[in-house]
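A.B. asks: Make a model of this:
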Amino acid sequence: MKTTIDIPIRELEDAIKFTGARTKREAVVGAITNFNRRMRMAELTRYAGTCTDLITAEELQVARRRE
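C.D. replies: Now for the predicted structure:
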């Protein structure tokens with residue numbers, strides 16, 4: 001999808017440098033992808049420790065020893 005946006009040149013140059021992108025588009029897509037991945041991970045961490053149906057690390061080790 002084509003979109004026109006005004007990105008500060010210094011920020012775009014840094015994004016290209018840090019991502020190793022060869023094009024402006026590649027840098028922007030990479031930055032958006034990375035941002036979305038981080039947000040998904042942050043969302044998942046809110047649920048850490050809330051599931052009571054999982055076994056503990058110790059229980060897993062005991063089960064592995066039995067095999």
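A.B. asks: if I look at residue 64, how far off is residue 56?
C.D. replies: The spacing between residue 64 and residue 56, counted by C-beta to C-beta, to the nearest Å, is 13 Å. No exception for glycine: its C-beta is placed from N, CA and C like everyone else's.
A.B. asks: That should have said residue 20, apologies.
C.D. replies: Per C-beta to C-beta, residue 20 is found 41 Å from residue 56.
A.B. asks: So, low pLDDT: which residues of this structure?
C.D. replies: In the prediction, the chain carries no residues with pLDDT under 70.
A.B. asks: centroid residue for it?
C.D. replies: Geometric centre of the chain, nearest residue: residue 37, 2.7 Å, by C-alpha atoms, centre = their mean.
A.B. asks: Tell me the backbone dihedrals of residue 21, please.
C.D. replies: With angles defined as degrees, to the nearest 10, residue 21 sits at phi -70, psi 150.
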